[in-house]
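Q: no FASTA, just this:
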Ligand SMILES: NC(=O)C1=CN([C@@H]2O[C@H](COP(=O)(O)OP(=O)(O)OC[C@H]3O[C@@H](n4cnc5c(N)ncnc54)[C@H](OP(=O)(O)O)[C@@H]3O)[C@@H](O)[C@H]2O)C=CC1
Ligand SMILES: Nc1nc2c(ncn2[C@@H]2O[C@H](COP(=O)(O)O)[C@@H](O)[C@H]2O)c(=O)[nH]1
Ligand SMILES: [K+]
């Protein structure tokens, strides 16, 4: 990346401060851009879901990996649960979504409580493992909540073969004017569910898979306790990337934790953070990190900068850290502060090999929280920071009352925040579609057909607040 007219301001910048100038391009199609990351994480789109309890669970991990991204399961989840989640994600189908299954004797209330868990918005009614009906929200509206599903389900099913080519599946669904269909194996047993959009996506994205062709998943460890022991358990469970994570990544206990993990000689990439300057990158790489996580304070749930004054505007932090990592033959992930597709593009221009997103993805069907409704009828999920009083309370529940009280004083995140679902993009895949579209387009504006070329060719200028505002759409007239 270079600055426009080679002018670099004497102060640090964040995503909103910068813009990219288009350059001459020989890349004829946005679809021709290769978004695979060179950092060994196996992502085919440069997106990683942050290790936050309100965001990264099994449904998120499955859904994002199917489109080529990676989810980091948080360090606060008990290790036996993480082990179970890793196995579950690795058993998921690469094309079909996991169905919500129901029995015909279950009620409308049962179905209504489960439907919001998945963006496809349908339940498959099964008997002996075979689909006999489908219920969608419209089947469940205006009927008594105790009605059995056998009375409201549609029985006129279009059923697909589980190994159908996604393009054929798209055409069959389109031809039958269906939004979705269950898919079955040779014995007629339910394997998964496929929507028309899901079939289309399966032709456009490549799942992030391990050497055995199974979906990838990452998991985090903190820096306290038996770090090597926990990391070993995660590696034994089949985790594909290990993330060693703490607020202040440039501290001695962090370096010791990274050394301990490196000593296990893991066959998977080790990510460590967070830092915001070149010397932090150097020390973490020397301790054994393959990838360094960059970002202190940009997170939407984060109060670190307000509490401590510590941090660094994220574009400059990523730019400096990525340059140092490149010099050392390593990579960085840009972590936090992403609110628009353009922010992902700017982080990649600064040299990140992947971009982590937390809070934005909290407002989707796939995040673990329960769907709630505000007084004005908008749907939302609750999010909270990993250094908030709420997270610290959960994390320290086994500790003495004294230690819990002491740790509760160091609060650097908010405990509750409403992340509204965008009615036009309520699923994480809808958000991924828009981010990937933005990034693909941005690459061709820079004349780049890969992420490496993009980081090399991007020409970035610095803008005023008015310049940024000019780029925003106007949904109503201005006078
Ligand atoms: N990227 C960011 O801007 C930030 C991210 N977070 C996220 O919150 C989660 C919890 O992280 P964390 O608070 O590190 O908790 P951890 O449980 O990982 O513990 C951090 C350890 O580091 C010690 N420590 C020393 N200085 C600091 C410091 N300035 N801030 C925090 N700990 C310090 C703590 O000791 P003692 O408690 O005795 O001081 C403790 O032993 C992680 O997921 C992290 O990524 C948190 C804050 C900022
Ligand atoms: N200072 C804090 N940072 C936090 C906290 N919880 C998470 N985080 C960081 O934010 C990113 C995600 O950023 P987002 O803007 O996409 O939400 C995450 O990976 C952490 O680094 C917190 O409580 N305090
Ligand atoms: K913040």
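A: Nice, I can see it. Everything numeric here is computed off the predicted structure, so don't read it as measured data. Ligands and ions are numbered 1, 2, ... in the order given.
Q: How many neighbouring residues does residue 441 have?
A: If you count neighbours by other CB atoms under 10 Å, residue 441 ends up with 14. Just so you know, the C-beta spots here come from the backbone N, C-alpha and C atoms, and that holds for glycine as well.
Q: so it, which of the three states?
A: Three-state secondary structure (criterion: DSSP: H, G, I helix; E, B strand; the rest coil) places residue 441 in helix.
Q: could we number from 792 for the rest of this?
A: New numbering, starting at 792: the last item is residue 1232.
Q: Just want to check the distance between it and residue 1110.
A: 22 Å (CB to CB, to the nearest Å).
Q: same question, residue 1075
A: With CB to CB as the criterion, residue 1075 and residue 1110 are 17 Å apart.
Q: for ligand 1, what are the nearby residues on the protein?
A: Contact residues (CB under 6 Å from any ligand atom) of the chain with ligand 1: 842, 1013-1015, 1036-1039, 1042, 1044, 1065, 1086-1088, 1090, 1093, 1095, 1127, 1177-1178, 1198, 1201, 1203.
Q: among those, which are in helices?
A: Judged by DSSP state H, the residues of the chain next to ligand 1 include 1044, 1095, 1198 as members of helices.
Q: residue contacts, the residue most central in space within the chain?
A: When CA atoms, centre = their mean is applied to the chain, the residue found nearest the centroid is residue 840 (2.6 Å). Residues in contact with residue 840 (CB atoms under 8 Å, 6 or more residues apart in numbering) are 846-847, 851-852, 855, 860-863, 1147-1149, 1152.
Q: how about the residues of this protein near ligand 2?
A: For the chain, the residues in contact with ligand 2 (CB under 6 Å from any ligand atom) are 841, 843, 1065, 1086, 1088, 1090-1093, 1095, 1126-1129, 1147-1151, 1176-1179, 1203-1204.
Q: quick one on the thing from earlier: out of residue 1075 and residue 1110, which sits in the busier spot?
A: Shown here are residue 1075 and residue 1110; by other CB under 10 Å, residue 1075 has more neighbours (31 against 27).
Q: I figured that one hits residue 1046, correct?
A: Yes: assessed by CB atoms under 8 Å, residue 1075 is found in contact with residue 1046 at 7.2 Å.
Q: what's the residue in the stretch 792-941 of the chain positioned nearest to ligand 2 in contact with, if anything?
A: Nearest residue of the stretch 792-941 of the chain to ligand 2: residue 841, at 3.3 Å (CB to the nearest ligand atom). Each residue near residue 841 by CB under 8 Å, 6+ apart is listed here: 847, 863, 1090, 1126-1127, 1147-1149.
Q: go with 7 Å
A: Shown in contact with residue 841 (CB atoms under 7 Å, 6 or more residues apart in numbering): 847, 863, 1126, 1147-1149.
Q: Dihedrals phi and psi, it?
A: In terms of degrees, to the nearest 10, the main-chain angles of residue 841 are phi -60, psi 150.
Q: do you know how far it is from residue 938?
A: Taken as CB to CB, the span from residue 841 to residue 938 is 41 Å.
Q: buried residues in stretch 814-823?
A: Across stretch 814-823, burial judged by 16 or more other CB atoms under 10 Å covers 818, 821.
Q: what does that stretch contact?
A: Stretch 814-823 has contacts (CB under 7 Å, 6+ apart) with 824, 1231-1232, 1235-1240, 1248, 1250.
Q: Among these, which lie within helices?
A: Among the contacts of stretch 814-823, the residues falling in helices (DSSP H) are 1231-1232, 1235-1236, 1248.
Q: Let me know the closest of those residues to residue 914.
A: Nearest to residue 914 among those: residue 1231, at 34.2 Å, using CB to CB.
Q: Near residue 1263, how many other residues are there?
A: There are 8 residues near residue 1263, going by other CB under 10 Å.
Q: go on, residue 1242?
A: By the criterion of other CB under 10 Å, residue 1242 has 25 neighbours.
Q: Tell me which residues touch it, please.
A: Counting by CB under 7 Å, 6+ apart, residue 1242 touches 826, 828-829, 837, 1139.
Q: Reformat the residues you listed into TSV and put neighbour count, secondary structure and pLDDT next to each item.
A: As requested, the contacts of residue 1242 are arranged in TSV below (neighbours: other CB atoms under 10 Å; DSSP: H, G, I helix; E, B strand; the rest coil; pLDDT from 0 to 100):
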residue	neighbour count	secondary structure	pLDDT
826	20	coil	98
828	27	coil	97
829	10	coil	96
837	28	coil	98
1139	28	helix	98
